[in-house]
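Peer 1: sequence and predicted structure are below.
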Amino acid sequence: METTLTMRLALNEDWAVGARIGGGGFGAVFEAENTAGEKAAVKLVPKAPGTEREMLFTNLDGVRNVVPVIDSGEHEDQWALVMPRAQKSLRAHIQEHGQLPLNEVVAVLSDIAEALADLKDREIVHRDLKPENVLLLAGRWCLADFGIARYAEATTAQHTFKGAGSLPYMAPEVWKYQRATSATDIYALGILAHELLAGTRPFNGPAEHDYQEQHLHGTPTPLTTAPPLLAALITECLFRAPQGRPAPGNVLARLGQIRGAPLSGGLAALAQANQDAVALQAEADRQASAHATETDRRKNLFEAATASFSFIADAFLTALMTAAPSGEARKGSQGDWTFRINDAQLSLSSPQPIASSPTPFDVIASATLALKAPASYYGYQGRSHSLWYADAQTADQYQWFETAFMGTPFGPQSTAVRPFALQPQSDAATALRAVLGGAQVAWPFTPLTIGGLDEFIARWAAWLSQAAQGRLSHPMQMPERNTL
């Protein structure tokens, strides 16, 4: 059937462009033919910021198993790259044949590993390795589509497409917006290998947030269809820590060993033992990654806590200074302050990070708001409340809350400070779980919302004024508000 030609390109050669035959996120691919009648494929990439990076990869001479660019240039508002017409993609091959035999899988992986080894030597990272970008050309499986590829040391590009890639194949470091290296391509190779051997990818989403959670925290299903040496290799490729993954040259060499005669006897048993050891290492890697991810999560939340705390602290202190300009204010460097009028002092501590707590919800940071006055006839000297940055009301929705505690018959009874603040540790956790202990909740968890602090500030201002006039008295009842 004759191709209908729709447009002509004047590059180093003249090309007649025909029907569209493919495409992706960085351009569309069309049939092409030169004046000598040679068939090819041309990729047209719109001149959006950053897309000129594909033009960096028009000359990859010496790199094995990549689809070469045989002509290139510009056409109107597009970049044009002309490549040999491949027979088919690996995705089409999988859809045509289903699960592939072991020897063919090893051959496919070896071709790709050769390309990755040469690219690493050139300090190039592909960053979008997937079956759609692996094409059969002249009997070899070759890498194509370098639309988001980058030189490993190219740190100054204005448009780096950081985080770009195909969700099922994106390495954990890409999800974390960290630097891509050759290990990023090795992770994608591990996903692809698992898909070829098991007939399914280890992580299947389906939504973007599902993929992110699975790549960062999930455990790939064991490969029971592969020999131990290959299963261990793929497991290593899927380590979350990039530094733990094998280099492309190592992958290629080990694939060459798998192509040889199958192991038997003691060597087969040793290979199985190696696979078991790698599986244990993979689990340790998963736990280490989860710990690092949790550390990052808490760090980011603490930064949010300190930012919102500064707004609350400043609004509070400004209101006090406006109402009582004769008062003495001292402001610290981390959001903390004290405000003194007569013999009464109201102090707000700086927020402190909480590594972990046994409370029923997650507490990221805590601070203390305390009012002190000269002791009354009954020894009463004031009160203190806890301020916690937590998801106390809705899971994974964090904000600052005000709460306070009181003693029980099972704990020490303080008449000097009531109610009192606690850190989110054992006593507070016991009180929150309604278990008999030394303390119980005396003030309900009250959200502190920026722009909605009037009641909070007015209440503490009233207590401060009472303390300044020697009229601050012990609460009439405890708890003061319904805590249910």
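Peer 2: Noted; the coordinates are in hand. Numbering: from 1, shown residues only.
Peer 1: can you list the domain ranges for this protein.
Peer 2: The domain map for the chain lists 1-85, 87-262, 306-468, with the assignment taken from automatic domain parsing.
Peer 1: make CSV from the ones you listed and add mean neighbour count, mean pLDDT and distance to Pro479 to it.
Peer 2: In short, each C-beta sits where N, CA and C put it, glycine included. Converted to CSV, these look like this (neighbours: other CB atoms under 10 Å; pLDDT from 0 to 100; distance: least, CB to CB, whole Å):
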stretch, mean neighbour count, mean pLDDT, distance to Pro479
domain 1-85, 16, 78, 58
domain 87-262, 19, 84, 40
domain 306-468, 17, 88, 4
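Peer 1: reformat the ones you listed as TSV; add distance to Pro475.
Peer 2: Formatted as TSV, the domains of the chain follow (distance: least, CB to CB, whole Å):
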stretch	distance to Pro475
domain 1-85	63
domain 87-262	46
domain 306-468	6
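Peer 1: which among the ones you listed is found nearest to Thr483?
Peer 2: Nearest of those to Thr483, taken as CB to CB: domain 306-468 at 4.5 Å.
Peer 1: what distance separates that closest one from the centre of its chain?
Peer 2: The chain centroid and the centroid of domain 306-468 are separated by 33 Å under CA atoms, centre = their mean, to the nearest Å.
Peer 1: what of stretch 194-209?
Peer 2: Distance, centroid of stretch 194-209 to centroid of chain: 19 Å (CA atoms, centre = their mean).
Peer 1: send me that stretch as PDB with only the CA atoms.
Peer 2: Output of stretch 194-209 as PDB, limited to C-alpha atoms (Å, rounded to 0.1, in the frame of the first residue of the first chain):
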ATOM      1  CA  HIS A 194      10.500  -8.200  36.000                       C
ATOM      2  CA  GLU A 195       7.800  -7.400  33.400                       C
ATOM      3  CA  LEU A 196       9.400  -9.700  30.800                       C
ATOM      4  CA  LEU A 197       9.800 -12.600  33.200                       C
ATOM      5  CA  ALA A 198       6.600 -12.400  35.300                       C
ATOM      6  CA  GLY A 199       4.300 -11.000  32.700                       C
ATOM      7  CA  THR A 200       3.500  -8.100  34.900                       C
ATOM      8  CA  ARG A 201       5.400  -5.100  36.500                       C
ATOM      9  CA  PRO A 202       6.200  -5.300  40.200                       C
ATOM     10  CA  PHE A 203       4.200  -2.100  40.800                       C
ATOM     11  CA  ASN A 204       0.900  -1.400  38.900                       C
ATOM     12  CA  GLY A 205      -0.500   1.800  40.400                       C
ATOM     13  CA  PRO A 206      -2.900   2.600  39.000                       C
ATOM     14  CA  ALA A 207      -2.900   6.300  40.000                       C
ATOM     15  CA  GLU A 208       0.100   8.500  40.300                       C
ATOM     16  CA  HIS A 209       0.000   8.600  44.100                       C
END
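Peer 1: for the remainder of this discussion, apply numbering that starts at 9.
Peer 2: Renumbered: residue one is now 9, and that last one reads stretch 202-217.
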